[in-house]
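Student: Okay, sequence plus prediction incoming.
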Amino acid sequence: MKLLILDRDGVINEDSDAYIKSLDEWIPIPGAIDAIARLSKAGWTVAVATNQSGLARGYYDAATLESMHARLRQLVAEQGGEVGLIVHCPHGPDDGCGCRKPLPGMLEQIAAHYGCALPGVWFVGDSIGDLQAASAVHCQPVLVKTGKGLRTLGKSLPAGTLVFEDLAAIADQLLL
């Protein structure tokens, strides 16, 4: 199985320090939907692992989050592709869960769902927490410069982190 795992905010859609709280605020990054569709049509399974502490903070509800994910699936399907499993952590940073990145719980959930091993699987994110979650389970950490990526680039990255402009550039590389 060719599995690619993506963070959501800052990788697939625009991010905001004020949170993405509504379907209207969920705006795809140029090229991201096309990249997912191209990968899917080429046999890749594209899964998503996203921290959504806005749920715990009361900024939006589960139905709103699901509408964002339904929109993502719809846009990719319109281009002939498919989005695989989408998992989210609904907890706040102080809730003590095992799923919130930088912990790898969501990545492990995706691996269990697909019955695959994580070592070597690319996990694409824009934050240091994403990269740390990838490293914790021996995924290949991949940083995009979209979202918080440029800020993250200035931090100490896990060894072997790959860096790309955006999700479209990753698709180009994987589909060589």
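Tutor: Looks like it came in fine.
Student: Verify the stated contact: residue 82 with residue 40.
Tutor: Yes: proximity of residue 82 to residue 40 meets the contact threshold set by CB atoms under 8 Å, at 4.9 Å. All C-beta spots, glycine's among them, are computed from the backbone N, C-alpha and C.
Student: Now do the strands in this protein.
Tutor: 2-6, 44-51, 86-89, 122-125, 140-144, 162-164 (DSSP state E).
Student: mind checking which of those strands is nearest residue 17?
Tutor: Closest of the strands of the chain to residue 17 is strand 44-51, at 13.7 Å (criterion: CB to CB).
Student: Quick one: mean pLDDT for that closest one?
Tutor: Strand 44-51 shows a mean pLDDT of 98.
Student: Each with direction, which strands does that strand pair with?
Tutor: strand 2-6 (parallel), strand 86-89 (parallel) (DSSP bridges).
Student: Please work out which of those is packed deepest.
Tutor: strand 2-6 (a mean of 23; mean count of other CB atoms under 10 Å).
Student: My understanding was that residue 127 contacts residue 144; is that so?
Tutor: No: contact criterion CB under 8 Å: residue 127 and residue 144 do not qualify, at 10.2 Å.
Student: which residues do these two both contact?
Tutor: Here residue 127 and residue 144 share the contacting residues residue 10, scored by CB atoms under 8 Å, 6 or more residues apart in numbering.
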